[in-house]
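Attaching a predicted model along with its sequence, questions to come.
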Amino acid sequence: MVNDKLKKQNKTKQKTTKASVEQKSSKSQKTHKNQKSQKTQKTTKSQKVQKAQKPGKAVKASKPLKSSKAAKSSKPKHKLKIIPLGGLLEIGKNMTAFEYGNDMIIIDVGMAFGGEDTPGIDCVIQDYTYIRQNAHKLRGIVLTHGHEDHIGGLPYFLREFKCPVYGGKLTIELVRHKLEDNGISLKGIGLNACKNGEVVKLGNSFTAEFVRVNHSIACSYAIALRTPVGVVVHSGDFKIDYTPINGKVIDLQRFGELGHEGVLCFMCESTNVEKEGSSPSEKYVGESFQRIFQKAEGRIIVATFSSNVHRMQQIITAAEKYGRHVALCGRSMINVFNAANSLGYIDMLPDTIIDISAIKRYADEEVVVLTTGSQAEPMSALSRMAFASHREVEIREGDTVIISAHPIPGNEKPIYKLIDELFKRGADVIYESLAEVHVSGHAYRNEIKLLHTLLKPKFFIPVHGEYRMLFRHAQLAQSLGQDPEDIFILRNGDVFETDGVRAEVTGEVPAQAILIDGSSATVRDDHVMSDRMHLGESGCISISLTIDDATETLACRPSVASMGFLFDDEKDDVHEGLADYVEGLIENRADPAELIETRIVTRAFRNGVREYLYDRTKRRPMVLMNVSHVSLGKGKKRR
Ligand SMILES: [Zn+2]
Ligand SMILES: [Zn+2]
């Protein structure tokens with residue numbers, strides 16, 4: 001419903017933020033910088049040269065500035081379209097299409113997990129309708145980093161569309177595994193690993209430059225996308241970590257240069273825009289690990305997000321320092337470790353990693369188990385260890401369990417249940433509220449302000465967040481001097497168009513959430529979801545009737561069964577009562593000539609059954625009717 005309200009709001013005027021802020025006057029002056037960055041056809045070539053250069057030298061990419069000045073006068077032939085297909089008014093399934101003339105590229109193809117309103121759903125992806133209609137324009141996919149909400153949709157996307165994919169080394173490695181796991185051939189795709197500063201050409205209209213940022217996974221990049229109407233910077237997910245684990249600080253210098261050159265549009269993530277100050281450095285967590293490892297006497301079990309390679313590194317470092325070996329547990333943990341290790345991202349001694357099946361051969365104080373399951377997913381390794389269904393590890397007294405992750409909203413309950421279980425088994429459990437064992441990978445307000453100020457964009461689009469986050473982010477941008485006229489809070493499917501001077505939302509394309517359930521794909525409005533929720537809440541009851549066609553009577557008493565509806569002490573009573581009631585409804589029908597099968601589909605009959613059940617139980621289960629036919633004849637009725 002909130003969406004509907006928002007829809008209306010946005011329909012009347014696309015910029016919801018405008019209402020809330022004072023208007024600033026001198027908006028026309030603000031375009032000056034961006035025009036400088038137009039005409040990238042030339043820049044494309046000069047940047048291509050850099051591909052051969054060492055990473056980090058991309059600084060020279062600002063050179064084209066001069067050439068673009070010369071080309072300033074000619075008007076662009078087309079407008080640039082920016083179409084977010086996912087990731088707005090939500091956290092998850094990020095995907096944005098950029099279109100200019102006959103070229104289209106995509107930044108990120110993520111997925112989201114099913115939520116409370118989509119029971120049983122494996123994952124949620126974007127609506128590809130618009131891509132399908134414009135598939136001939138597709139020039140490539142650029143990935144900011146390897147988190148599921150940015151790459152998780154690729155197996156679905158690349159099954160249908162073939163185009164080259166560009167991303168950081170680790171990102172590409174993770175994508176490769178993902179595609180192999182899903183049996184998707186790499187034919188016609190082409191996976192390309194890119195370094196900081198690398199520039200790739202996509203069609204005639206776009207070049208994408210990878211600009212290093214910090215985040216909770218290695219190889220995270222912002223994308224500086226050069227288009228014929230100006231430079232668009234997409235932040236990806238980022239934070240500013242001055243003391244990152246791999247020593248590679250966000251390339252603030254390059255952001256400054258881009259800002260100096262002129263940025264037409266900045267799309268910035270909004271995850272932590274509600275948090276004041278700056279996010280702590282990942283190093284901070286490492287120090288906590290060292291303190292905990294120093295004190296712990298028994299086994300140490302650490303649960304964290306498998307994708308956080310920096311966290312993995314810190315745990316390995318702490319383990320080595322205190323004479324422990326590390327066993328990896330959980331499929332995704334092992335996959336990411338292997339990918340990161342094969343790229344040389346893990347710094348460790350040769351004998352640090354041991355097989356999980358070998359831990360019994362080591363003393364407790366020599367073991368660290370690094371596991372998935374920090375969100376208490378029921379089938380995850382940590383849950384199975386806690387509920388004693390894991391083959392190799394069962395939590396017992398003396399264990400120290402560290403949950404090094406923040407509960408994803410909605411997961412709090414199962415996580416606390418899991419923590420309770422771990423305590424009950426005698427483990428010492430350290431989670432976020434007790435010690436600093438997790439820091440966020442997303443920028444807080446101060447970090448966002450810095451990046452925004454460095455880039456000084458003409459237009460601003462907050463992305464990667466729910467509505468309140470985008471809204472707060474828009475306000476933040478205004479407080480930094482961004483003209484409210486130039487801030488756009490978009491919805492998935494909105495078509496944002498700009499000629500480099502002006503911008504407006506000109507329409508919308510289909511952008512429904514597509515739910516994936518096993519091998520089926522469907523839209524959210526499908527009745528299956530509401531049925532599932534109804535079933536989950538109230539259960540179901542089925543009434544089976546056998547009609548004797550020879551006499552048009554019931555051949556036997558209705559049989560009633562239910563699931564998830566009645567408690568044991570009421571079950572028999574209600575079943576019997578309902579059978580009698582239904583039998584009465586049929587036998588005492590006003591018009592005996594009316595066929596039973598016609599009778600039972602009438603509203604009066606269905607309502608009668610529903611009311612009977614509600615009167616008895618004050619609940620409304622789903623009711624299923626089954627009918628079968630026999631031909632027995634008079635006097636053959638069986639009880
Ligand atoms: Zn991320
Ligand atoms: Zn993300």
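That came through, no problem. Ligands and ions are numbered 1, 2, ... in the order given.

and the longest helix for this structure?
Longest helix in the chain, counting residues (DSSP state H): helix 568-587.

how's this structure carved up into domains?
60-277+441-522, 283-431, 525-630 (automatic domain parsing).

all helices for the stretch 351-500 of the chain, in order.
Counting by DSSP state H, counting those that start in this stretch, the stretch 351-500 of the chain has helices at residues 381-386, 412-424, 445-455, 467-479.

Determine the set of other helices and strands touching the first one.
Helices and strands touching helix 381-386, by 3 or more C-beta pairs under 8 Å, 6 or more residues apart in numbering; DSSP states H and E, are strand 300-304, strand 367-371, helix 412-424. In this view, the C-beta of every residue, glycine as well, is placed from N, C-alpha and C.

Out of the ones you listed, flag the one nearest Glu282.
strand 300-304 (11.7 Å; C-beta to C-beta).

Direction included, what does that closest one pair up with?
As defined by DSSP bridges, the strand partners of strand 300-304 come to strand 367-371 (parallel), strand 400-404 (parallel).

Pick the most deeply packed of the domains of the chain.
domain 60-277+441-522 (a mean of 21; mean count of other C-beta atoms under 10 Å).

Now that domain: average pLDDT?
Averaging pLDDT along domain 60-277+441-522 yields 92.

for that domain, the distance to its chain's centre please.
Its chain's average C-alpha position is 14 Å from that of domain 60-277+441-522, according to C-alpha atoms, centre = their mean, to the nearest Å.

picking that back up, make TSV from the strands paired with strand 300-304 and add mean pLDDT and distance to ligand 1 to it.
Below are the strands paired with strand 300-304 laid out as TSV (pLDDT from 0 to 100; distance: least, C-beta to the ion, whole Å):
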stretch	mean pLDDT	distance to ligand 1
strand 367-371	97	20
strand 400-404	96	16
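
For Asp569, which of those strands is the nearest?
Per C-beta to C-beta, nearest to Asp569 of those: strand 400-404, 39.2 Å.

Enumerate residues external to that closest one that contact any of its residues.
285, 289, 292, 296, 298-304, 311, 315, 374, 382, 395, 415, 419, 422, 427-432, 437-438 (C-beta atoms under 8 Å, 6 or more residues apart in numbering).

of all the domains of the chain, which lies closest to ligand 2?
domain 60-277+441-522 (4.3 Å; C-beta to the ion).

one step back: Throw the strands paired with strand 300-304 into a markdown table and include distance to Ile172, thanks.
Shown next, in a markdown table, are the strands paired with strand 300-304 (distance: least, C-beta to C-beta, whole Å):
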| stretch | distance to Ile172 |
| --- | --- |
| strand 367-371 | 24 |
| strand 400-404 | 26 |
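
sec struct for the residue most central in space within the chain, please.
Most central in the chain under C-alpha atoms, centre = their mean is Gly92, positioned 2.6 Å from the mean C-alpha point. Following DSSP: H, G, I helix; E, B strand; the rest coil, we place Gly92 in the coil state.

circling back to that earlier point, kindly reformat the helices and strands packed on helix 381-386 as JSON lines and extend each row with distance to ligand 2.
Shown next, in JSON lines, are these (distance: least, C-beta to the ion, whole Å):
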{"stretch": "strand 300-304", "distance to ligand 2": "17"}
{"stretch": "strand 367-371", "distance to ligand 2": "23"}
{"stretch": "helix 412-424", "distance to ligand 2": "20"}
